[in-house]
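A.B. asks: just need the structure, nothing else, for what follows:
(one chain, ligands or ions: 1)
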Amino acid sequence: MTTRTPLMAGNWKMNLNHLEAIAHVQKLAFALADKDYDSVEVAVLPPFTDLRSVQTLVDGDKLKIKYGAQDISAHDGGAYTGEISGPMLAKLKCTYVAVGHSERRQYHAETDEVVNTKVKAAFKHGITPILCVGEELEVREAGNHVSHTLAQVEGGLKDVPAEQAETVVIAYEPVWAIGTGKVCGAEDAQEVCAAIRGKLAELYTQELADKVRIQYGGSVKSGNVAEIMAQADIDGALVGGASLDADEFVKIVRFRDQ
Ligand SMILES: O=C(CO)COP(=O)(O)O
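C.D. replies: So this is what the prediction gives:
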């Protein structure tokens with residue numbers, strides 16, 4: 001049997017300045033016990049301006065919490081005003097980076113091609129991409145949610161070799177469930193996550209597909225996380241709003257108690 005350690009990651013989006021970030025991570029560190037980290041990997045994805053502060057705290061206090069960024073430049077350096085490169089994130093010891101979040105696709109016109117170059121940039125610098133995929137409401141209503149999402153998986157992983165792809169994290173986040181309070185039904189989420197695993201098996205091997213962690217994201221809270229995590233192909237959650245409340249995020253990490 002494959003054992004995939006669940007990954008609970010808090011995507012803070014554009015919330016919490018660096019001082020608030022320190023206070024928030026300290027609260028999480030205080031509340032989480034060693035036994036929590038034994039069975040779940042816990043990560044936060046703060047804004048870029050918080051990363052150095054979070055790194056200093058995690059290093060200084062030897063915290064088990066992991067952290068990462070919300071985006072990465074496709075380029076390693078140069079005249080790209082406003083962008084943050086893989087080497088910069090690697091220097092900050094980021095474990096993860098979210099790539100292709102629907103808000104980047106929507107507001108920054110990120111295509112699957114752009115997302116693919118960012119996935120490759122992350123791997124090049126030893127950072128694990130959390131490849132975000134998921135359909136808009138019209139797509140689901142038209143019944144095309146599976147094919148739409150699988151095309152994003154295939155596009156995001158184009159020409160990514162198996163030895164890298166086996167460590168990718170995929171986050172299935174139906175756009176209509178993000179920040180809306182409308183959680184995707186656990187079985188509906190499972191349908192798409194199982195199809196994503198099937199696609200990975202087709203692109204690579206079943207063995208590789210069985211290793212990859214697939215998260216669900218979209219209005220995850222302590223009240224619905226247990227049902228979501230009970231699904232066979234869901235290996236964690238990418239949590240937006242609820243991750244800004246430390247107590248609530250800790251309850252999500254302890255989904256087995258909910
Ligand atoms: O986009 C999300 C995480 O990346 C989900 O956001 P919410 O949990 O606020 O719906």
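
A.B. asks: in the chain, which spans are strands?
C.D. replies: Taking DSSP state E as the test, the strands found in the chain are 7-11, 41-45, 66-69, 96-99, 128-133, 169-172, 213-217, 236-239.

A.B. asks: which one of those lies closest to residue 189?
C.D. replies: strand 213-217 (4.7 Å; C-beta to C-beta). Just so you know, the C-beta spots here come from the backbone N, C-alpha and C atoms, and that holds for glycine as well.

A.B. asks: counting neighbours, what do you get for residue 162?
C.D. replies: Using other C-beta atoms under 10 Å, the number of residues around residue 162 comes to 11.

A.B. asks: that one contacts residue 208, correct?
C.D. replies: Yes: counting by C-beta atoms under 8 Å, residue 208 is a contact partner of residue 162 at 5.8 Å.

A.B. asks: residue at max distance from the center of this protein?
C.D. replies: Distance to the chain centre peaks in the chain at residue 79, reaching 28.1 Å (criterion: C-alpha atoms, centre = their mean).

A.B. asks: from residue 73, how far out is that one?
C.D. replies: 11 Å (C-beta to C-beta, to the nearest Å).

A.B. asks: count of neighbours near the residue in the chain that the ligand sits nearest to?
C.D. replies: With C-beta to the nearest ligand atom, the shortest gap between the chain and the ligand falls at residue 240, namely 2.2 Å. Residue 240 is flanked by 22 other residues according to other C-beta under 10 Å.

A.B. asks: same check, this time on residue 84
C.D. replies: Neighbours of residue 84 (other C-beta under 10 Å): 17.

A.B. asks: show me what contacts it?
C.D. replies: Residue 84 is in contact with 48, 69, 71-73, counting by C-beta atoms under 8 Å, 6 or more residues apart in numbering.

A.B. asks: got those residues as JSON lines, with pLDDT columns?
C.D. replies: Formatted as JSON lines, those follow (pLDDT from 0 to 100):
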{"residue": "48", "pLDDT": "98"}
{"residue": "69", "pLDDT": "99"}
{"residue": "71", "pLDDT": "98"}
{"residue": "72", "pLDDT": "98"}
{"residue": "73", "pLDDT": "98"}
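
A.B. asks: any idea of the pLDDT on residue 2?
C.D. replies: Residue-level confidence at residue 2 comes out at 65, pLDDT.

A.B. asks: check the gap between residue 19 and residue 26 for me.
C.D. replies: Applying C-beta to C-beta to residue 19 and residue 26 gives a distance of 11 Å.

A.B. asks: tell me which of those two has more neighbours.
C.D. replies: residue 26 (14 against 10).

A.B. asks: quick check: closest non-adjacent residue to the more buried one.
C.D. replies: residue 57 (7.0 Å; C-beta to C-beta, 6 or more residues apart in numbering).

A.B. asks: I'd assumed residue 24 was in contact with that neighbour.
C.D. replies: No: at 10.1 Å, residue 57 does not count as touching residue 24 under the criterion of C-beta under 8 Å.

A.B. asks: so between those two, which is more surrounded?
C.D. replies: residue 24 (23 against 18).
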